[in-house]
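Participant: Provided below for reference: sequence and predicted model.
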Amino acid sequence: MVQAAPAAQTGWSSEDEAQLFEAIQRWIDREVRPIAKQFDHADEYPTALVEQMRELGLFGATVSQEYGGLGLSAAAYAKIVEMISSVWMAPTGIFNSHLIMATCVERFGTEEQKRHFLPLFASGELRGGLALTEPNAGSDLQSIRTTARLDGGRYIVNGTKTWITNGIHGSCFALLVKTDPQAQPRHRGMSVLLAEKGDGFSVSRKLKKLGYKSIDSAELIFDDFEIPADRLVGGEEGRGFQQVAGGLELGRINVAARGVGLAAGALRDALQYAQEREAFGKPIVQHQSIQIKLADMATRAEAARLLVAKAAAKYDRGERCDLEAGMAKLFGSEAGMENSAQALRIFGGYGYSTEFDVERYYRDAPLMCIGEGTNEIQKIIIAKQLVERSGGSLRWSNSGPVLMAR
Ligand SMILES: Cc1cc2nc3c(=O)[nH]c(=O)nc-3n(C[C@H](O)[C@H](O)[C@H](O)COP(=O)(O)OP(=O)(O)OC[C@H]3O[C@@H](n4cnc5c(N)ncnc54)[C@H](O)[C@@H]3O)c2cc1C
């Protein structure tokens, strides 16, 4: 059972939030926009941006102020993600999966783990992400094969993780393992360990991608890697699956916000281009087929934004929001994908050129339909919740979800 998030008590006034958004917008205009194309095309890691993100406090955006973070609400955080993604989506990945790891510790960690890790995460001194996916298991996480065997005061970890964001430049990961590979149901044998790089933990390769360039996605290998037993999140085995599922609600709101940012960015660029480009003696925006595209794009971006706002508000009230976060993620990511495709069409041949940014939006957008649970899986989560909230239940079997009559 996914637990509801604790209610957010942010201590931020709306004036303070507005000032923060202005500072972020200035940073985007001054530092992010000018380098996006060059770094994306070179697939170069934006080291300077990472330092600036540290200074802005983004690595602690949703971490409570008590532990050194900004303590932002999910709603404010989503707005920041949308703002950055409307210009360049990829850098948001550097702090997003890091913040899901931090959320996992803040919600489920022992007090000692919170006091030790959260200030380091919030300052960006210790950065990393979430290591769940394996070569044989993505959507079906209960099939993972990475094992952690308790031996005295340490766990011995063996296995492979793949597609891990920040795998090369990060140094600490919330690592999903099997502490009891024979357990039934399988999730009872799963735990999360906080794994800091060291002997036995290696990066085997950097993965090449269609888009989402400049950000490292890597395969990680654990070969008799030792982790002190007190790095078991929450101090109790068998809770890992629920712990990562809890963190993914915020992750889905984030991915949805990235989709909104891409949808809005594609609309902004297309709207401007349509007013400048002329065909048949008038700006193309005066051709009705272009107007229809722009109207659909604007409506889609706005609808996606409202779904994100609703999911974030529920999250901030401490209410369970897997249905709402699932809907926001599904619609927001599809909006990003559709708007980037429509922008490409509005740009005509120039949409296909690497001179303009729309080709990048078009390459970046599909990731939103895959990350934090594919959109097919989101539909299952939404349907499961619809059935549960209407009095029935859906449970998972080895072959997928099964509808149970009450
Ligand atoms: C750029 C990038 C960054 C990533 N970053 C991370 C990261 O930081 N950490 C991490 O742990 N993972 C990360 N991932 C992995 C990502 O979470 C997985 O790729 C995703 O969960 C899907 O898993 P899969 O690729 O194994 O696809 P599969 O699970 O093999 O799915 C293949 C297809 O089958 C569909 N499918 C599967 N099961 C069902 C079902 N029951 N019903 C209907 N359809 C189904 C899927 O929707 C999909 O269309 C990243 C992936 C990418 C591409």
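Facilitator: Good, I have the coordinates.

Participant: Up against the ligand, what does the stretch 51-200 of the chain have?
Facilitator: With CB under 6 Å from any ligand atom as the criterion, the stretch 51-200 of the chain meets the ligand at residues 97, 129-133, 138-140, 163-165. Where C-beta positions appear, they are placed from N, C-alpha and C, glycine not excepted.

Participant: Please render those residues as TSV that adds neighbour count, distance to S191 and secondary structure to the earlier fields.
Facilitator: Putting these into TSV (neighbours: other CB atoms under 10 Å; distance: CB to CB, whole Å; DSSP: H, G, I helix; E, B strand; the rest coil) gives the following:
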residue	neighbour count	distance to S191	secondary structure
S97	29	19	helix
G129	24	18	strand
L130	28	14	strand
A131	30	13	strand
L132	27	12	coil
T133	19	17	coil
G138	17	19	coil
S139	13	20	coil
D140	13	18	coil
W163	19	21	strand
I164	24	18	strand
T165	24	21	strand
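
Participant: can you list those residues in a markdown table and add pLDDT and distance to G11?
Facilitator: Shown next, in a markdown table, are those (pLDDT from 0 to 100; distance: CB to CB, whole Å):
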| residue | pLDDT | distance to G11 |
| --- | --- | --- |
| S97 | 93 | 26 |
| G129 | 96 | 27 |
| L130 | 96 | 27 |
| A131 | 97 | 32 |
| L132 | 97 | 32 |
| T133 | 98 | 35 |
| G138 | 95 | 38 |
| S139 | 95 | 38 |
| D140 | 95 | 40 |
| W163 | 98 | 36 |
| I164 | 98 | 33 |
| T165 | 98 | 30 |
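
Participant: and which of those is nearest the ligand?
Facilitator: Nearest to the ligand, judged by CB to the nearest ligand atom, of these is G138 at 1.9 Å.

Participant: what sits opposite the closest residue to R231 other than its chain neighbours in the beta ladder?
Facilitator: Distance criterion CB to CB, 6 or more residues apart in numbering; nearest residue to R231, sequence neighbours excluded, is L194 at 4.4 Å. Applying DSSP bridges to L194 yields these beta-bridge partners: A174.

Participant: If we ignore the residues flanking it in sequence, what's nearest Y362?
Facilitator: Once flanking residues are discounted, Y362 sits nearest to S340: 4.5 Å by CB to CB, 6+ apart.

Participant: Tell me how far F59 lies from the ligand.
Facilitator: F59 is 15 Å from the ligand, where distance means CB to the nearest ligand atom, to the nearest Å.

Participant: swap in L267?
Facilitator: From L267 to the ligand the distance is 24 Å (CB to the nearest ligand atom).

Participant: Around that residue, count how many other residues there are.
Facilitator: As a burial measure, L267 scores 26 neighbours (other CB atoms under 10 Å).

Participant: And the pLDDT at the residue lying closest to it once chain neighbours are set aside?
Facilitator: Leaving aside its chain neighbours, L267 sits nearest to M297 (4.5 Å; criterion: CB to CB, 6+ apart). For M297, the model assigns a pLDDT of 98.

Participant: burial of M297, as a residue count?
Facilitator: Counted with other CB under 10 Å, M297 comes out at 25.

Participant: Isn't it up against N339?
Facilitator: Yes - assessed by CB atoms under 8 Å, M297 is found in contact with N339 at 4.7 Å.

Participant: Y155 falls within a strand, correct?
Facilitator: Yes - under DSSP: H, G, I helix; E, B strand; the rest coil, Y155 sits within a strand.

Participant: ok, back up a step: common neighbours of M297 and N339, please.
Facilitator: In terms of CB atoms under 8 Å, 6 or more residues apart in numbering, M297 and N339 are both contacted by the residues 263, 266-267, 270.

Participant: quick one, strands of this protein?
Facilitator: Taking DSSP state E as the test, the strands found in the chain are 128-131, 147-151, 154-165, 172-178, 190-196, 201-206, 217-228, 278-279, 282-283, 393-397, 400-404.

Participant: Pick out the shakiest of the ones you listed, pLDDT-wise.
Facilitator: strand 400-404 (a mean of 50).

Participant: Hmm, E17 is touching I80, no?
Facilitator: No - counting by CB under 8 Å, E17 stays clear of I80, with 9.7 Å between them.

Participant: Find residues that contact each of those two.
Facilitator: Counting by CB under 8 Å, 6+ apart, the residues touching both E17 and I80 are L72.

Participant: For these two, work out which one has more neighbours and name it.
Facilitator: Comparing E17 with I80 by other CB under 10 Å, the one with more neighbours is I80, at 25 against 17.

Participant: residues in contact with that one?
Facilitator: Contacts of I80 (CB under 8 Å, 6+ apart): 20-21, 24, 58, 61, 72.

Participant: Turn the buried ones among those residues into a named PyMOL selection, would you?
Facilitator: Buried subset of the contacts of I80, written as a PyMOL selection, criterion 16 or more other CB atoms under 10 Å:
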select buried, resi 20+24+58+61+72
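
Participant: can you list the contacts of I80 in CSV and add distance to V177 and pLDDT?
Facilitator: Converted to CSV, those look like this (distance: CB to CB, whole Å; pLDDT from 0 to 100):
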residue, distance to V177, pLDDT
L20, 37, 97
F21, 39, 98
I24, 36, 98
L58, 28, 98
A61, 27, 98
L72, 30, 97
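
Participant: could I get stretch 180-191 in PDB with only the CA atoms?
Facilitator: Taking Å, rounded to 0.1, in the frame of the first residue of the first chain, the C-alpha atoms of stretch 180-191 are listed here in PDB:
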ATOM      1  CA  ASP A 180      15.100 -12.200   0.700                       C
ATOM      2  CA  PRO A 181      15.000 -13.400  -2.900                       C
ATOM      3  CA  GLN A 182      12.600 -16.300  -2.000                       C
ATOM      4  CA  ALA A 183      10.000 -14.100  -0.300                       C
ATOM      5  CA  GLN A 184       6.400 -14.400  -1.300                       C
ATOM      6  CA  PRO A 185       4.800 -12.100  -2.200                       C
ATOM      7  CA  ARG A 186       8.000 -10.900  -3.800                       C
ATOM      8  CA  HIS A 187       7.900  -7.300  -2.600                       C
ATOM      9  CA  ARG A 188       8.300  -8.500   1.000                       C
ATOM     10  CA  GLY A 189      11.800  -9.500   0.200                       C
ATOM     11  CA  MET A 190      12.800  -6.100  -1.200                       C
ATOM     12  CA  SER A 191      14.700  -3.300   0.600                       C
END
